[in-house]
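Student: any chance you could fold what I've pasted below:
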Amino acid sequence: MEFIFRIFQDYRNLYNMIFNKRTHTCGELNTGNIGESVTLNGWIAKRRDLGGLLFIDLRDRYGLTQLKINPDKKDIYETALSLGNEFVISATGKVIKRESINKNIPTGEIEIDVDILQILNESEITPFVVEEEIKATEELRLQYRYLDLRRKQMTDNLVMRNEVYQIVHQYYYKQNFIEVETPVLMKSTPEGARDYLVPSRVHKGKFYALPQSPQTYKQLLMVSGLDRYVQICKCFRDEDLRADRQPEFTQIDVEMSFVDQEDIFRISEGLYREIWKKILNYDLPETFNRITYDEAMNTYGIDKPDFRIKDIMKITDITDTVRNVDFKVYQESISDGGIVAAVNLSREKCLLKGEVTRKIIDNYTELVKKLGLGGLGYVKYNTDGQIQSPLSKFLGEDIMINIKNILEAKEGDTVFIASGKKSVVLSALGQLRLKIAEENNLLDDKKFEFVWITDFPLFHWEEEDKCFVGEHHLFTMPKPEYLHLLDSKDKDEIESIRANCYDLVLNGNEIGSGSIRINVSDIQKKVFSIVGLSDDEANEKFGFLLKAFKFGAPPHGGVAFGFDRIISILKGIKSIREVIAFPKTVSASSLMDECPSKVTDVQLNELGLRIKEEK
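Tutor: Here you go, the predicted model:
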């Protein structure tokens, strides 16, 4: 039996050699394979001539293996001399022990003594060298993305992306969720950003929209009785782009019936524990931190606080402490309804290595000025017990000592003070906290701090348009204790309404957002009324959803997580473009296939469209 098996193996190896059929990948061979005859296919990463002997590093997505070409094998040697980087080749030979071991790669103890070498395809000289320490600009990399993706670093990003896909699918399957694909062509509805519109050839003058999220469809699935829905889906938003935002992105979309906020938190936290354990072997806590939106803004100056520095430089309102000081700047801020707030730059907690010099203070002052403040005051509590501050003649020693006690400052610490409109002061001090944390390396990338931000405002007042808009979206249920304020005509009371919605923040990045939904028609009408939507307008935009709600809509809620951001954090990468196979630039264009692009007049005529020329 063993003899027959050996004959079969020899026959298979011969077949593989004749037809260039690879027997192994470039990342799996080791000393256990020594003596075997193998065939590898891949791309040439590097060729080296060492005194007649040729060595080739052959690469595929699994790794890299060294090939040895002996000059005694003349035909093979001549072929090898003609090879260039990125040629696609097939090489067959015996696995032998490598004389010079490379401990940096898994296959570093072996090499292939090549007996058969065939060029499968040649390559022109590439616009940049395909190597890990890439020297090309991002624009050039995006233009030739298919070359960039040959690099192990980029391949590994996509491999991890696939691994997390599988974990997500399996996790929700075990939790009894049903994966449902929702339409990509849908009705245009206002959801905060502009829709990408798709003109209809059949229905001229009418348009589909690409979904900003499957929000309305997943709510309809709850009405359908599919009480646990999940989907890893594409979303599209035609909005002004920032450095790390994509016009199309991927999210994990979840909706459940007969649940409350705690149920959604429990299911979601379980998902992240499973991902972090399987991908990083990192144990996340059983429950995540949580704070309200108001706590986040008042303490950290931002609605996505980085909890790696949660106990450092908290913002403290000292308005009452300085209310009666004879300082015009503070008095004007307070009389206009603003605040005076401070943060403590603690020498101990911020791991300061030197003095807080005047140059450092000036740099911080310039930062907050760009963020809308008039300036930045400071009080230095020196190690010799002296207090140094340009505000000393206004505040006096007693108040400066009082501020020290309130902020728990010690000798060697510096307290920064800002005044003005509350939202501006909190935001500026929040950004100052992050700036100081970055400068002093306080943001440990190997630490993962999750926090739920809850109880967001239901509405946001748009000062320019003098109207209310939904803070998250218009289907978010108000918290029960605020329901009566939906009938109010008072702007402040309406602004005070808090919603049953939540964001999940990880290391200062918003990675998820969700809410308990409105499922009662009367409440939905009141919300529409506050944002200025009449019954007719509401029916025109959301009539299909409102009609569905009349047929027994269950209580339901959900959450959506940014898949691209999750992968970038797992990989320790700042930009989500690095974990997307074919991303767009900041200007929402693709340099590789040159889209968006013009279309022909014939295509436009079919759609009943024409391009309006700009004057």
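
Student: correct me if wrong, but E274 is in a helix.
Tutor: Yes: the assignment for E274 is a helix, going by DSSP: H, G, I helix; E, B strand; the rest coil.

Student: the longest strand seen in the chain packs against which elements?
Tutor: Scanning the chain for the strand with the most residues, using DSSP state E, yields strand 37-50. Identification of packing neighbours for strand 37-50 by 3 or more CB pairs under 8 Å, 6 or more residues apart in numbering; DSSP states H and E yields helix 2-18, strand 53-60, strand 63-69, strand 88-97, strand 110-121. For the C-beta atoms, the positions are set from N, CA and C on the backbone; glycine is no exception.

Student: cutoff 10 Å now
Tutor: Applying 3 or more CB pairs under 10 Å, 6 or more residues apart in numbering; DSSP states H and E, one finds that strand 37-50 contacts helix 2-18, strand 53-60, strand 63-69, helix 74-81, strand 88-97, strand 110-121.

Student: what's the closest of those to T287?
Tutor: strand 63-69 (39.8 Å; CB to CB).

Student: and the angle for the closest one with strand 53-60?
Tutor: Relative orientation of strand 63-69 versus strand 53-60 (axes from the mean of the first three to the mean of the last three CA atoms, to 10 degrees): 150 degrees.

Student: ok, back up a step: so for the longest strand of the chain, mean pLDDT?
Tutor: What strand 37-50 shows for mean pLDDT is 95.

Student: any buried residues in it, and which?
Tutor: 37-45, 47 (16 or more other CB atoms under 10 Å).

Student: who does that strand pair with, and is each partner parallel or antiparallel?
Tutor: strand 53-60 (antiparallel), strand 88-97 (antiparallel) (DSSP bridges).

Student: so which of these comes closest to F416?
Tutor: strand 53-60 (52.1 Å).

Student: re the thing from before, ranking the helices and strands packed on strand 37-50 by burial, who's on top?
Tutor: With neighbours defined as mean count of other CB atoms under 10 Å, those peak in mean count at strand 63-69, which reaches a mean of 22.

Student: just the CA atoms of that one, as CSV, please.
Tutor: The C-alpha coordinates for strand 63-69 follow below in CSV (Å, rounded to 0.1, in the frame of the first residue of the first chain):
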residue,chain,number,x,y,z
GLY,A,63,5.3,34.8,2.3
LEU,A,64,8.8,34.7,0.7
THR,A,65,11.1,31.8,-0.2
GLN,A,66,14.7,31.9,-1.5
LEU,A,67,15.5,30.2,-4.7
LYS,A,68,19.1,29.0,-5.5
ILE,A,69,20.2,28.9,-9.2
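
Student: tell me the mean pLDDT for the regular element (helix or strand) spanning L367?
Tutor: Assigned by DSSP states H and E, L367 belongs to helix 358-370. Mean per-residue pLDDT for helix 358-370: 95.

Student: just the buried positions in it, please.
Tutor: 360-361, 364-365, 367-368.

Student: go on, stretch 510-529?
Tutor: Buried residues in stretch 510-529 (16+ other CB under 10 Å): 511-519, 524-528.

Student: which residues touch G225?
Tutor: 257, 552, 554 (CB atoms under 10 Å, 6 or more residues apart in numbering).

Student: before we move on, what SS does D492 have?
Tutor: Going by three-state DSSP: D492 is helix.

Student: okay, it: pLDDT?
Tutor: 91.

Student: before we move on, back to that, wait, which of the helices and strands packed on strand 37-50 is closest to E614?
Tutor: strand 110-121 (45.5 Å).

Student: what angle separates that closest one from strand 53-60?
Tutor: Using the same axes, to 10 degrees: strand 110-121 against strand 53-60 is 70 degrees.

Student: and strand 110-121, what's its mean pLDDT?
Tutor: 97.

Student: run me through the strand neighbours of it, direction for each.
Tutor: Checking strand 110-121 against DSSP bridges gives partners strand 63-69 (parallel), strand 88-97 (antiparallel).

Student: re earlier: helices or strands next to the helix holding L367 in the packing?
Tutor: strand 339-345, strand 377-381, strand 414-420, helix 422-439.

Student: pLDDT averaged over the first one - what is it?
Tutor: Looking back up the chat, that one is strand 339-345. Mean predicted confidence for strand 339-345 is 96.

Student: please save the CA atoms from that strand in CSV.
Tutor: What follows is strand 339-345, C-alpha atoms only, in CSV (Å, rounded to 0.1, in the frame of the first residue of the first chain):
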residue,chain,number,x,y,z
ILE,A,339,-17.8,80.0,31.5
VAL,A,340,-14.3,80.0,32.9
ALA,A,341,-12.7,76.6,32.9
ALA,A,342,-9.3,75.1,33.6
VAL,A,343,-7.1,72.0,33.1
ASN,A,344,-4.2,70.9,35.2
LEU,A,345,-1.0,70.0,33.3
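
Student: can you list contacts of the helix holding L367?
Tutor: 345, 352, 354, 356-357, 373-378, 380, 390, 414, 416, 418, 420, 424-425, 427-429, 431-432, 435-436, 439.

Student: make it 8 Å
Tutor: 375-376, 378, 414, 416, 418, 428-429, 431-432, 435-436 (CB atoms under 8 Å, 6 or more residues apart in numbering).

Student: make a ChimeraX selection of whichever of those turn out to be buried.
Tutor: The buried subset of the contacts of helix 358-370, as determined by 16+ other CB under 10 Å, is captured in ChimeraX by this line:
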select :376,378,414,416,418,428,429,431,432,436
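
Student: the strands paired with strand 110-121 into CSV, with extra columns for mean pLDDT?
Tutor: Formatted as CSV, the strands paired with strand 110-121 follow (pLDDT from 0 to 100):
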stretch, mean pLDDT
strand 63-69, 96
strand 88-97, 97
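
Student: turn these into TSV, including distance to K21.
Tutor: TSV is the format used below for the strands paired with strand 110-121 (distance: least, CB to CB, whole Å):
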stretch	distance to K21
strand 63-69	17
strand 88-97	9
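
Student: which among those is found nearest to A341?
Tutor: strand 63-69 (54.2 Å).

Student: hang on, D294 in a helix?
Tutor: Yes: the assignment for D294, made by three-state DSSP, places it in a helix.

Student: now for it: which residues touch it?
Tutor: D455.

Student: next: C501.
Tutor: Per CB under 8 Å, 6+ apart, neighbours of C501: 454-456, 471-472, 476, 513-516.

Student: what sits closest to it if chain neighbours are left out?
Tutor: S515 (3.4 Å; CB to CB, 6 or more residues apart in numbering).

Student: ok, back up a step: between the strands paired with strand 110-121, which one is nearest to C235?
Tutor: Between those, strand 63-69 lies closest to C235; by CB to CB that is 34.5 Å.

Student: how far away from the center of its chain is that closest one?
Tutor: 37 Å (CA atoms, centre = their mean, to the nearest Å).

Student: same deal with stretch 264-280?
Tutor: 17 Å.

Student: then it to CSV, C-alphas only?
Tutor: C-alpha atoms of stretch 264-280 as CSV (Å, rounded to 0.1, in the frame of the first residue of the first chain):
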residue,chain,number,x,y,z
ILE,A,264,-27.6,46.1,22.7
PHE,A,265,-24.6,46.9,24.9
ARG,A,266,-24.3,43.3,26.0
ILE,A,267,-24.5,41.8,22.5
SER,A,268,-22.0,44.4,21.2
GLU,A,269,-19.5,44.1,24.0
GLY,A,270,-19.5,40.3,23.4
LEU,A,271,-18.6,40.8,19.7
TYR,A,272,-15.6,43.0,20.6
ARG,A,273,-14.4,40.7,23.2
GLU,A,274,-14.4,37.9,20.7
ILE,A,275,-12.7,39.9,18.0
TRP,A,276,-9.9,41.2,20.3
LYS,A,277,-9.3,37.8,21.8
LYS,A,278,-9.1,35.9,18.5
ILE,A,279,-7.2,38.6,16.6
LEU,A,280,-4.9,40.0,19.3
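
Student: no more questions from me, cheers.
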